[in-house]
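S.K.: Next come a sequence and a model predicted from it.
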Amino acid sequence: MTTPELTDLRVVNAIPTHIWRSAPDGAVQFVNQQWMDYTGLSQENSQGWGWASVIHPDDRPGLLDTWRRVLAAGQPEEAEARFRRFDGAYRWYLIRMVPIRDASGALLGWYGANTDIDDLKQAQMKLRQDERELRQMADATQLPIIVFSAEGRLLYANRFSLTYGGLSLEDFQHDGWRERVYHPDDIAAFADARRAGLARGAAFESEVRIRRAADGQYRWFLIRYNPLLDDDGNVTRWYATGADIDDLKRAEAQVKNENAALRDQISSASMFEEIVGSSAPIRTVLQQVARVAPTDSTVLITGDTGTGKELVARAIHKRSTRSARPFVAVNCAAVPASLIASELFGHERGAFTGAVQRRQGKFELADGGTLFLDEVGELPADTQVALLRVLQEREFERVGGSRPIRIDVRVIAATNRDLQTAIAERAFRSDLFYRLNVFPVEIPPLHERPTDIPILVEYFVHRLSKRAGKKITGISGETLELLQSYPWPGNIRELQNVVERAVIVSDGDVLTVDSRWLAGRSTPSPASTQPLGDALGDRERAMIEGALAETKGRVSGPSGAAAKLGLPRSTLESKIRSLGLNKNRFKI
């Protein structure tokens with residue numbers, strides 16, 4: 001039968017730790033089998049002070065001094081040292097020493113255990129080595145690097161931070177160091193950004209000017225704080241790095257100043273550099289634009305297709321106090337009726353099939369600026385009601401939304417339709433018309449300003465030839481005569497297309513236009529425009545009244561009186577006013 005002592009000895013020998021016992025004076029009396037297997041020393045060679053022979057020479061003096069101090073104090077203690085293995089290799093061990101006392105408190109001896117911590121020590125030494133290398137790298141970096149605690153207390157600043165600011169590490173440890181190196185105008189904003197960023201526990205950045213100790217000059221830096229998180233997501237450290245952006249800031253300021261100067265130069269050279277012409281009709285339009293632009297009044301621009309209504313709208317925006325804010329254009333005729341409300345006012349997620357996320361409308365995008373509603377006469381009835389509310393209340397709701405959104409937008413509308421006729425036909429709301437028609441601007445058709453055609457042609461030739469890589473220095477006399485005699489139903493847009501076609505096919509330095517490009521539309525119909533051009537007085541009145549009677553007072557559109565007479569709508573409207581005709585009486 002196994003005795004308890006033998007059983008205990010087997011247990012002690014099986015423990016994967018060096019177990020030992022010593023006398024009160026420190027002389028070893030017993031070591032377990034694990035010790036002997038590791039060191040290669042026998043029980044006899046390990047007893048007394050023989051065990052000290054396997055301590056690393058660099059660690060032996062310190063460990064023996066610690067052991068003597070522990071023996072004198074009689075209190076538990078721990079120490080670290082390297083022990084030689086039987087093959088000559090050394091490994092780190094943690095040595096725990098515990099006194100053994102009897103019931104009266106008298107010291108009977110010491111028990112000890114040596115635990116292998118070599119892997120841990122190697123990892124710690126590797127970590128310290130990495131930290132030293134990182135510090136060396138940080139000190140070699142010509143950018144500020146600072147480490148803070150989770151609460152924002154400074155722990156480390158690299159050499160560049162100390163040298164650039166002319167501060168010592170002790171200076172950084174005290175409050176007020178930022179006031180010594182940061183520009184006074186930037187301290188409050190930086191402090192607010194830093195306070196908010198530390199509270200959120202997420203990365204943040206801020207721009208600040210920092211004084212260079214070498215010459216006292218301030219330079220712009222982008223300071224970025226990045227948090228180090230533990231496994232639970234708590235911030236344990238903050239790493240702040242800085243990037244010198246002074247040259248970038250100066251370049252941005254220079255570009256901004258140059259752009260401002262260029263805008264002033266352009267504005268002083270030409271008030272409306274995109275609107276070309278010097279005829280009396282176009283000068284009237286420009287005078288109207290100059291008068292209404294500085295106000296916030298709603299403008300309704302009318303005119304045939306291709307006359308440049310959007311250019312006029314942009315000119316109004318450019319000369320307004322909103323010129324630095326967005327100019328947003330919407331072609332109401334190009335958006336399906338089912339989507340126009342979403343296009344203008346936006347929609348909430350799930351408002352309709354396909355609305356997978358919230359979307360801002362054009363009104364929100366133009367907040368603070370100008371919204372240009374082209375072809376406003378094509379708006380469906382329900383959208384007209386919503387637009388009227390925006391003009392009246394300065395607020396709207398997104399499609400599918402329930403919360404009103406207030407906006408500050410100037411509205412400029414444009415149409416080539418006869419809105420009075422549309423109102424009579426109940427296709428357009430009269431109250432919306434009066435809201436839009438605060439300041440009407442009518443763009444003359446090109447055939448009413450023939451003196452502008454040479455100027456426009458020269459403008460288009462210069463721009464289009466440069467784009468095509470050609471050098472065209474002149475325009476033939478026959479071409480100018482041909483272009484001025486053509487009625488241009490497509491107005492300026494058609495003229496631009498013809499000139500572009502001529503530039504493309506031109507092989508020389510003189511522009512020519514083939515008359516066949518215009519022949520299909522240049523010859524007036526003998527049944528319509530030619531009699532009107534020759535007829536005077538009663539004959540002219542009779543023809544217009546007949547066309548109005550036939551179309552029940554409708555002027556525009558494919559079935560309107562203007563189409564039947566072969567005239568642009570604006571020209572017929574002008575004739576009706578000059579003859580004093582009341583087109584509404586033909587609607588009965």
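M.R.: Structure received.

S.K.: Show me the shaky parts of the protein.
M.R.: For the chain, applying pLDDT under 70 flags the ranges 1-7, 256-274, 519-538, 587-588.

S.K.: tell me the domain boundaries of it?
M.R.: Domain ranges of the chain: 4-122, 141-248, 277-442, 446-522, 529-587, per automatic domain parsing.

S.K.: and those domains as JSON lines, adding distance to residue 133?
M.R.: Every C-beta, even on glycine, is put in place using the N, C-alpha and C of the backbone. Shown next, in JSON lines, are the domains of the chain (distance: least, CB to CB, whole Å):
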{"stretch": "domain 4-122", "distance to residue 133": "16"}
{"stretch": "domain 141-248", "distance to residue 133": "13"}
{"stretch": "domain 277-442", "distance to residue 133": "48"}
{"stretch": "domain 446-522", "distance to residue 133": "58"}
{"stretch": "domain 529-587", "distance to residue 133": "80"}
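
S.K.: And the strands in the stretch 151-300 of the chain?
M.R.: 154-157, 204-211, 218-229, 235-244, 299-302 (DSSP state E, counting those that start in this stretch).

S.K.: Next, the angle strand 235-244 makes with the third one.
M.R.: Note on geometry: by axes from the mean of the first three to the mean of the last three CA atoms, to 10 degrees, strand 218-229 and strand 235-244 are set 160 degrees apart in direction.

S.K.: Pull out the buried residues from strand 218-229.
M.R.: Under the neighbour-count criterion of 16 or more other CB atoms under 10 Å, strand 218-229 has 218, 219, 220, 221, 223, 225, 227 buried.

S.K.: Give the bridge partners for the third one, please.
M.R.: It refers to residue 220. Taking DSSP bridges, one obtains residue 209 as the residues bridged to residue 220.

S.K.: Can you report how many residues neighbour residue 282?
M.R.: Number of residues near residue 282 (other CB atoms under 10 Å) recorded here: 21.

S.K.: Quick one: residues contacting residue 236.
M.R.: Residue 236 sits next to 150, 228, 229, 230 when contact means CB atoms under 8 Å, 6 or more residues apart in numbering.

S.K.: State the distance from the second one to residue 236.
M.R.: When you say that, I think you mean residue 228. Using CB to CB, to the nearest Å, one obtains 5 Å as the distance from residue 228 to residue 236.

S.K.: again with the first one
M.R.: When CB to CB is the yardstick, residue 150 and residue 236 sit 6 Å from each other.

S.K.: swap in the third one?
M.R.: The gap separating residue 229 from residue 236 is 7 Å, by CB to CB.

S.K.: cool, the last one as well?
M.R.: Applying CB to CB, the value for residue 230 to residue 236 is 5 Å.

S.K.: how about residue 389, phi and psi?
M.R.: phi -60, psi -40 (degrees, to the nearest 10).

S.K.: My read is that residue 228 contacts residue 239, right?
M.R.: Yes: judged on CB atoms under 8 Å, residue 228 makes contact with residue 239 at a distance of 6.6 Å.

S.K.: which residues do these two both contact?
M.R.: Joint contacts of residue 228 and residue 239 (CB under 8 Å, 6+ apart) do not exist.

S.K.: and which of the buried residues of strand 218-229 is nearest residue 296?
M.R.: residue 220 (37.4 Å; CB to CB).
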